[in-house]
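Engineer: Everything below, folded, please.
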Amino acid sequence: MQTTAAALPASSLLQLIWLASPALPVGGFSYSEGLEVAVELAGVATESIATDWLNDQLHLTLARGDLAIIARAIPAWRTNQLSRIRQLNGWVLQTRETSELRAQAEQMGRSLLEWLRNHDGADAEHIAACAQLPPTYPIAFALAASQTEASVRDCLLAYAFGWAENMMQAALKSVPLGQSAGQRILARLSHDIPLAVEAAIGLSDDERQAFSPMLAILSSQHETQYSRLFRS
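Structural biologist: Okay, here's the model as predicted:
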């Protein structure tokens, strides 16, 4: 007899959709994570190149870094392992290679924590512990997602899709591209997101990494880029 996984409760599903939404007031729309300067200096000038660039970023940085962190942080929040949370948050801060990327992680983390305070998104003890870190965005997202009944995999899918939507919108503005091109980029990323999530879940602490030298160089160059739309 074939069995199927239990359906995710509607409240948890809606919470994940909410957390993944670009409309969530955490400021994700104001960052391009190096894409803007890649357009100017690294030849990211077409839909095809932008798609490949973002797909590489999905697998080489997001999956090996933020997604892997969230995969460990969600169970840590659920089991009240606060020392583990501090360790994971510290790793995120230490591996942000430029001031812009670190500022993004910190600002979005603060904003999401404030959103949680105002929407009964977590218990007071965890919010207080998170505030003391202070939290990076992956750690704050893990706290929000840990309050749902969703699996770690579903939480990572939501995070990755939210990232993909924001980056697709950044490509539309900075390459620039049309809406149809943006939807094709999002389709490609959506196809690869489950693979990236599975890879992230399988990484141990020793295998997790944030080694992306070209992205770090471009991010540093963005700090002095003559004309900018984005904060990173």
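Engineer: buried sites along stretch 101-116?
Structural biologist: By 16 or more other CB atoms under 10 Å, the buried positions in stretch 101-116 come out as 101-102, 104-113, 115-116. From N, CA and C alone the C-beta is placed, and that goes for glycine too.
Engineer: Can you tell me which of these lies closest to A200?
Structural biologist: For these, the closest approach to A200 (CB to CB) belongs to A105, at 16.9 Å.
Engineer: Can you tell me the element that closest one falls in?
Structural biologist: Following DSSP states H and E, one finds A105 within helix 99-118.
Engineer: Just after that helix, pick out the following helix or strand.
Structural biologist: As assigned by DSSP H and E, the chain's next helix or strand after helix 99-118 is helix 124-131.
Engineer: Need the residues that contact the next helix or strand after that following helix.
Structural biologist: From helix 124-131 onward toward the C-terminus, using DSSP H and E, the following helix or strand is helix 137-146. Outside helix 137-146, the residues within contact range by CB atoms under 8 Å, 6 or more residues apart in numbering are 15-16, 19, 26, 66, 69-70, 73-78, 85, 88-89, 92, 104-105, 108-110, 112-113, 115-116, 121-122, 126-127, 130, 133, 135, 155, 158-159.
Engineer: repeat that with 7 Å
Structural biologist: The list of residues contacting helix 137-146 from outside it, by CB atoms under 7 Å, 6 or more residues apart in numbering, reads 16, 19, 66, 69-70, 73-74, 77-78, 85, 88-89, 92, 105, 108-109, 112-113, 116, 121-122, 126, 130, 133, 155, 159.
Engineer: buried ones in the helix or strand hosting A171?
Structural biologist: For A171, the host element (DSSP H and E) is helix 152-174. Of all the residues in helix 152-174, those buried under the rule 16+ other CB under 10 Å are 152, 154-174.
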